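**Student:** need the 3D shape of this:
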Amino acid sequence: MSRIEEAVASFKGNFNCAQSILGTYGIEYGINRDTALKLATGFGGGMARYGRTCGAVSAAFMIIGLKYGMGIKGNTELKENTYQLIREFSDRFQKINGSVICKELLECDINTPEGKNYYAQNNLFDKKCLQYVISVAEILEKIL
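**Tutor:** The predicted structure is shown next:
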């Protein structure tokens, strides 16, 4: 199974978008799956359903940081490179999907009862969120 397929299976298997990405890709970069799933829990729904930055996108930023980021040695060149890769990732995602903001991507606020109902009634899990998880994974495959 490819990492893209693994992320999709994870998302369909009751993990949120951020968990699906970090839990799939994090293992390769030194974080165990259980820790990744726990760490990413609060990022789903654009930060605990606040509709801010898409959880899958946030998880991608963490993956890029795990692979390329600045550690305790304080190499600021690595930090700048990581920022550039995250900007590149964001630009690619926005070009494909129009935004990195959950509320804008879903066209509803899933932090309200009305938004949750709209999300469910319009099957946005399959119609939108699943596509965003796939999009994030495909872009990561190119950047990593």
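**Student:** okay, now Asn123: neighbour count?
**Tutor:** 11 (other C-beta atoms under 10 Å). All C-beta atoms are positioned from the backbone trio N, CA, C, and that covers glycine.
**Student:** distance check, it against Ile110.
**Tutor:** 13 Å (C-beta to C-beta, to the nearest Å).
**Student:** on the three-state scheme, the closest residue to Ser99 other than its chain neighbours is what?
**Tutor:** Of all residues not flanking Ser99 in the chain, Leu105 sits nearest, at 5.5 Å (C-beta to C-beta, 6 or more residues apart in numbering). Classification of Leu105 using DSSP: H, G, I helix; E, B strand; the rest coil returns helix.
**Student:** give me the neighbour count for Leu105.
**Tutor:** 22.
**Student:** quick check, it in contact with Lys128.
**Tutor:** Yes - taking contacts as C-beta atoms under 8 Å, Leu105 lies within contact range of Lys128: 6.4 Å.
**Student:** which element is the residue positioned nearest the centre of the chain on?
**Tutor:** Geometric centre of the chain, nearest residue: Ala56, 1.3 Å, by C-alpha atoms, centre = their mean. Assigned by DSSP states H and E, Ala56 falls within helix 55-68.
**Student:** excluding chain neighbours, what is closest to Lys79?
**Tutor:** Here the residue nearest Lys79, using C-beta to C-beta, 6+ apart, is Met70, at 4.0 Å.
**Student:** if we can go back for a sec, can you list contacts of the helix holding Ala56?
**Tutor:** 16-22, 25-26, 29-31, 39-40, 43-47, 78, 81-82, 85-86, 89-90, 93, 100, 102, 132-133, 135-136, 139-140, 143-144 (C-beta atoms under 8 Å, 6 or more residues apart in numbering).
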